[in-house]
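Asks: Sequence and predicted structure, then a few things I'm wondering about:
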Amino acid sequence: MNVGQAIKLCRTRRGFSQADLARKAECSVSYLSMLENNKRDPTLSTMNKIAQALRVPIGILFFLGAEGGDLTGIDKSLQGELARTALELLNEPLSNQRALL
């Protein structure tokens with residue numbers, strides 16, 4: 001599981017700097033940097049704050065952070081389709097997504 005990569009991907013897609021996201025998620029920039037570089041494992045409450053700050057369902061962060069055998073039981077083509085859909089949503093303006101979240 002590479003949730004740090006997923007956080008960074010969502011953050012950059014949203015156009016947030018680390019400072020922006022850290023402020024919104026109520027954590028320090030250095031801690032966020034350590035999370036994104038997989039030097040720390042976030043608590044569930046921290047992941048929830050980050051997901052809320054990014055306006056992304058927490059499950060999307062875990063899905064995008066999945067590696068290797070993390071998603072066994074889900075067809076590979078479905079995995080790809082879900083990932084594409086999640087990334088497309090991240091490109092949508094936040095105002096268009098309020099009804100989805």
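Replies: Received the coordinates, thanks.
Asks: how about low-confidence regions in the protein?
Replies: Applying pLDDT under 70 to the chain flags residues 93-101.
Asks: rerun that using 90 as the cut-off
Replies: Along the chain, segments meeting pLDDT under 90 span 1, 66-101.
Asks: where along it do the helices fall?
Replies: Assignment of helices within the chain using DSSP state H yields the ranges 3-14, 18-25, 29-36, 44-54, 58-64, 76-91, 94-97.
Asks: right, and those - which one's nearest Asp70?
Replies: Taking Cβ to Cβ as the criterion, Asp70 comes closest to helix 58-64 out of those, the separation being 8.7 Å. (Glycine included, C-beta is placed from N, CA and C.)
Asks: Next, the buried residues of the closest one.
Replies: 58, 60-61, 63-64 (16 or more other Cβ atoms under 10 Å).
Asks: any chance of those residues in TSV, plus distance to Gln5?
Replies: Putting those into TSV (distance: Cβ to Cβ, whole Å) gives the following:
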residue	distance to Gln5
Ile58	15
Ile60	13
Leu61	10
Phe63	12
Leu64	8
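Asks: what's the most buried one of the helices of the chain?
Replies: For the helices of the chain, average neighbour numbers computed from mean count of other Cβ atoms under 10 Å are highest in helix 3-14, which has a mean of 20.
Asks: And the furthest pair within the buried residues of helix 58-64?
Replies: The distance between the two most remote of those (Cβ to Cβ) is 11.0 Å, for Ile58 and Leu64.
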